[in-house]
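In: Okay, sequence plus prediction incoming.
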There are 2 protein chains.
Amino acid sequence: MRPTVHDIAAAAGVSLATVDRVLNQRPGVRHVTREKVEAAIREIGYVRDVAAANLAKGRTYSFVFIVPASDNSFMHGLNAEVMAAVARSPVERTDIRTVEVPAFDPAALAAALDTLRAERPAGVALVATDAPEVRDAVDRMVQDGIPVVTVVSDLTGSLRHHYAGVDNIAAGRTAARLLGRFLGGAKGDVAVLAGSMLVRDHRERLEGFSAVMADEFPDLSILPVIEGRDDPDMAHMLVSDALSKRDGIIGVYSLGAGNRGLIRALKETSVARVLTVVAHELTDHTRAALLDGTIDAILNQDAGHEVRSAIRVLKAKADGLSVIDAQERIRLDIFLKDNLP
Amino acid sequence: MRPTVHDIAAAAGVSLATVDRVLNQRPGVRHVTREKVEAAIREIGYVRDVAAANLAKGRTYSFVFIVPASDNSFMHGLNAEVMAAVARSPVERTDIRTVEVPAFDPAALAAALDTLRAERPAGVALVATDAPEVRDAVDRMVQDGIPVVTVVSDLTGSLRHHYAGVDNIAAGRTAARLLGRFLGGAKGDVAVLAGSMLVRDHRERLEGFSAVMADEFPDLSILPVIEGRDDPDMAHMLVSDALSKRDGIIGVYSLGAGNRGLIRALKETSVARVLTVVAHELTDHTRAALLDGTIDAILNQDAGHEVRSAIRVLKAKADGLSVIDAQERIRLDIFLKDNLP
DNA sequence: TCATTTCTGATGTACGTAAATCAAATTTTT
DNA sequence: AAAAATTTGATTTACGTACATCAGAAATGA
């Protein structure tokens, strides 16, 4: 049988009340007594029954998700996953709320964080915009004892407890190798379509991509990055333009979220022209394009996993428990037309 | 606030005891009364507080993992993950036990299942050997009301509640496309190394692989399957032999678990000979081979995820709860040297 | 109608922890 | 040594559910 508080009390030769004071770091325990109790806890290997504790506390974790108000498919998907978690939340004794902030607006995000901090939620998850003021706001939150995790996009140098997202440098490197290998030693140009170089994850993907391209596929040269602002029409125009101007293009890497325009542009090129294309984020559009051969591979991060992982981590931090690292690693999914879910 | 049993009682105009009888399907409730209570439950949207219920029951789920006693890296890894789950089990109110059975021995597996059934565990997970007697034993278990999930290898046609493993046909197809694309239109032979064609997952992988090869890469021809019984020495001998005899071999697909021998054989071939290799299962050996370029891609199923997923599903079934399908889908991991964990 | 069976209500205890109260013991200060 | 402050013990209630018991009500059979 699992040891209980009563067993600690007996083992330490103190009363239940004292054990409770030690366990919940309440005042009124002498140092020596506290140590005695802690020794007993270690010795008999007591672990608090979180379910019973939460029942007694009548606790509901109130978590907040701060999501950017941008309207690309990926963010919509992320939102849907958060909503699904909200729907499940009563069963899991959580009360999840979302707060929308303007996309790519560090000041607004920092302000939202500071407002939230006053409400002292049990945990906060945010899609970080990589800026000093955001980092400082996050650090203030952490120093106030509120667990914070970043989702999708990280905030290096901050005190956030966890990042639930993929390694974007590795993603870029992987894209480069796939594209390079698929092109099988051919010589030519590679076009890169990004959303914006102001976003950290896009920058990192490009960084990884460029590194591997330079090191291992010297016959392929990367053209200046096309910034499509994740807008379908803009991406369509820019890509069409590039394809018509440069007939040396044999490969395309789309590292952003605006794939609808890219796909349209690709479908308009002459059938004789064979392009190898690697894109990010699995959506209805990219899925269809993968199946019909317009796209050759899709790299993806599973928004559902990211959301659920963020919640698990927040809960564990709130309970002072440890997390299973391997379980919380967000993997980079590689989809070919054969292994689509 | 979440509705409780008291709320149901009030809403249905009956006593707490009656609500309890309905909820736990105890006898002694008239049909009309039962319906009245069930209507109230639906109406106010009551969901049982599983944590409180388990606390009251003093319940610990006793689950059993039946694993084959084979000693390849993958099964060792699987065992380690089960042990890790056992270590966590007291915290999660589970009592997990493992039972070893001889590998590829349907009779032994079926016998083990029937023995276990008498003990009425709260759930059973097994690495299935695909045979009618195993299927029947599993069906008996399910009909006795014991949740059953298959792990790694499935048992089609059975009543098992869930399969925690990858789609092996899709895995084979993916391997074919990777190999085909990496070979970039070259003409030649492809060698396939399997453990044994008696194992269902290996058969399925080969099936998927062959299908895509035939359809989309007609310039590549598959040589007769080499069965290495997942034994390093045997695999080494057979692969070396094949490579020396057939100099048309330009690609290798290793769909089994005996990669140590394969890697040794590959390293012994002349440096001038460039082979493209796709293998299954990420182990220390395959990881090293991927990094040094001996292997080009590794397909993997995460044993840890499979074990944790199996436990989650068993728990949910035991509690009569639903599972999040997307969360329980075991994904096929594709590793290139850039996205290793 | 009465006896019998079946159904329902009322009530209490338990699970493991949290949190509060008040009394008693111990230590520290004066 | 007395007074004050601090530490500790004993005890109770609560969380939401499970489960058992017993009494009383309603339905059924004769």
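Out: Noted; the coordinates are in hand.
In: Report how many residues lie close to residue A:115.
Out: 11 (other Cβ atoms under 10 Å in any protein chain shown). For the C-beta atoms, the positions are set from N, CA and C on the backbone; glycine is no exception.
In: And it, how far from DNA strand D?
Out: 30 Å (Cβ to the nearest atom of the strand, to the nearest Å).
In: again, but for residue A:339
Out: Taking Cβ to the nearest atom of the strand, one finds residue A:339 at 41 Å from DNA strand D.
In: Am I right that that residue is in contact with residue B:175?
Out: No: if you go by Cβ atoms under 8 Å, residue A:339 and residue B:175 don't touch, sitting 9.8 Å apart.
In: who's in contact with residue A:47?
Out: A:2, B:90, B:91 (Cβ atoms under 8 Å, 6 or more residues apart in numbering or on different chains).
In: can you check residue A:333 too?
Out: A:282, A:299, A:300, A:301, A:302, B:331 are the contacts of residue A:333 under Cβ under 8 Å, 6+ apart.
In: of these, closest to residue B:204?
Out: residue B:331 (16.4 Å; Cβ to Cβ).
In: Now do the contacts for that closest one.
Out: Contacts of residue B:331 by Cβ under 8 Å, 6+ apart are A:331, A:333, A:341, B:166, B:302, B:305.
In: now swap in residue A:80 and tell me
Out: residue A:303.
In: Check for me that it belongs to a strand.
Out: No: the assignment for residue A:80 (DSSP: H, G, I helix; E, B strand; the rest coil) gives helix, which keeps it out of a strand.
In: And the pLDDT for it?
Out: pLDDT for residue A:80: 94.
In: what does the domain assignment say about chain A?
Out: A:5-47, A:58-165+A:303-329, A:168-300 (automatic domain parsing).
In: Residue A:96 touches residue A:311, doesn't it?
Out: Yes: here residue A:96 lies in contact with residue A:311, judged by Cβ under 8 Å, at a distance of 7.3 Å.
In: what residues do these two have in common as contacts?
Out: A:63, A:85.
In: give me the residue from the stretch 101-250 of chain A nearest DNA strand D.
Out: Minimum separation of the stretch 101-250 of chain A from DNA strand D (Cβ to the nearest atom of the strand) falls at residue A:122, amounting to 17.4 Å.
In: Report how many residues lie close to that residue.
Out: Residue A:122: 19 neighbours (other Cβ under 10 Å).
In: and the residue nearest to it when sequence neighbours are not counted, how many neighbours?
Out: Computed as Cβ to Cβ, 6 or more residues apart in numbering or on different chains, the closest residue to residue A:122 that is not its neighbour in sequence is residue A:61, at 4.2 Å. Using other Cβ under 10 Å, residue A:61 has 20 other residues around it.
In: quick one, phi psi at residue A:61?
Out: phi -70, psi 130 (degrees, to the nearest 10).
In: In contact with it: list those residues for me.
Out: Neighbouring residues of residue A:61 by Cβ under 8 Å, 6+ apart: A:93, A:94, A:95, A:122, A:123, A:314, A:315, A:318.
In: Most neighbours among these, which one?
Out: residue A:314 (29 neighbours).
In: so what's that one closest to, chain neighbours aside?
Out: Per Cβ to Cβ, 6+ apart, closest to residue A:314 is residue A:123, 3.4 Å.
In: Check what pLDDT that neighbour gets.
Out: 95.
In: Over to residue A:200?
Out: On pLDDT, residue A:200 comes in at 86.
In: Can you report how many residues neighbour it?
Out: Neighbours of residue A:200 (other Cβ under 10 Å): 17.
In: likewise residue A:322?
Out: Around residue A:322 there are 9 residues (other Cβ under 10 Å).
In: Against chain B, how distant is it?
Out: As for residue A:322, its distance to chain B is 10 Å (criterion: Cβ to the nearest Cβ, to the nearest Å).
In: can I assume that residue is in contact with residue A:315?
Out: No: assessed by Cβ under 8 Å, residue A:322 is found out of contact with residue A:315, at 11.9 Å.
In: Out of the contacts of residue B:331, which are close to DNA strand C?
Out: Among these, no residue lies close to DNA strand C (Cβ under 7 Å from any atom of the strand).
In: Show me the residues you listed that map onto strands.
Out: Of these, the ones assigned to strands by DSSP state E are residue A:333.
In: ends of stretch A:262-280, how far apart?
Out: 12 Å (Cα to Cα, to the nearest Å).
In: buried set for that stretch?
Out: Within stretch A:262-280, the residues that count as buried by 16 or more other Cβ atoms under 10 Å in any protein chain shown are A:262, A:263, A:264, A:265, A:266, A:269, A:275, A:276, A:277, A:278, A:279, A:280.
In: mind listing what the residue nearest to residue A:314 touches?
Out: A:61, A:63, A:64, A:146, A:147, A:148, A:149, A:314, A:315, A:317, A:318 are the contacts of residue A:123 under Cβ under 8 Å, 6+ apart.
In: Give me the distance between the fourth one and residue B:169.
Out: Computed with Cβ to Cβ, to the nearest Å, the distance linking residue A:146 and residue B:169 is 47 Å.
In: Next: the third one.
Out: Using Cβ to Cβ, residue A:64 is found at 43 Å from residue B:169.
In: show me where chain A has helices.
Out: A:5-12, A:16-23, A:31-44, A:50-57, A:73-88, A:106-119, A:132-143, A:168-183, A:200-216, A:232-245, A:259-268, A:284-291, A:303-319, A:325-328 (DSSP state H).
In: Please tabulate the domains of chain A in JSON lines, including the columns distance to residue B:237.
Out: JSON lines is the format used below for the domains of chain A (distance: least, Cβ to Cβ, whole Å):
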{"stretch": "domain A:5-47", "distance to residue B:237": "50"}
{"stretch": "domain A:58-165+A:303-329", "distance to residue B:237": "35"}
{"stretch": "domain A:168-300", "distance to residue B:237": "30"}
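In: closest to residue A:250 among the contacts of residue A:333?
Out: Checking the contacts of residue A:333 against residue A:250 by Cβ to Cβ gives residue A:299 as the nearest, at 19.3 Å.
In: Near the closest one, how many residues? Count them for me, please.
Out: 26.
In: what does residue A:207 give?
Out: 13.
In: From residue B:297, how far out is the nearest residue to residue A:15 once chain neighbours are set aside?
Out: In space, and not counting its chain neighbours, residue A:15 is closest to residue A:9: 6.0 Å by Cβ to Cβ, 6+ apart. Distance of residue A:9 to residue B:297, given as Cβ to Cβ: 58 Å.
In: Spatially nearest residue to residue A:77, not counting backbone neighbours?
Out: residue A:303 is the one closest to residue A:77 (Cβ to Cβ, 6+ apart), at 4.8 Å.
In: The one you found: what's it in contact with?
Out: A:74, A:77, A:78, A:80, A:81, A:152.
In: pLDDT score assigned to the residue of chain A found nearest chain B?
Out: Nearest to chain B in chain A, going by Cβ to the nearest Cβ, is residue A:184, at a distance of 2.3 Å. As predicted, residue A:184 sits at a pLDDT of 90.
In: More neighbours: residue A:339 and residue B:175, which one.
Out: Neighbours were tallied for residue A:339 and for residue B:175 using other Cβ under 10 Å; the higher tally belongs to residue B:175 (30 against 22).
In: measure the more buried one to residue B:205 for me?
Out: Taken as Cβ to Cβ, the span from residue B:175 to residue B:205 is 7 Å.
In: Now for these two: what residues contact both?
Out: Joint contacts of residue B:175 and residue B:205 (Cβ under 8 Å, 6+ apart) are B:255, B:280.
In: and which of the contacts of residue A:333 is nearest to DNA strand C?
Out: Distances from DNA strand C to the contacts of residue A:333, taken by Cβ to the nearest atom of the strand, are shortest for residue A:302, at 33.8 Å.
In: neighbours of the nearest residue to residue A:112 once chain neighbours are set aside, just the number please.
Out: Of all residues not flanking residue A:112 in the chain, residue A:101 sits nearest, at 5.0 Å (Cβ to Cβ, 6+ apart). Residue A:101 has 21 neighbours, counted by other Cβ under 10 Å.
In: repeat for residue A:138
Out: By other Cβ under 10 Å, the residues close to residue A:138 number 26.
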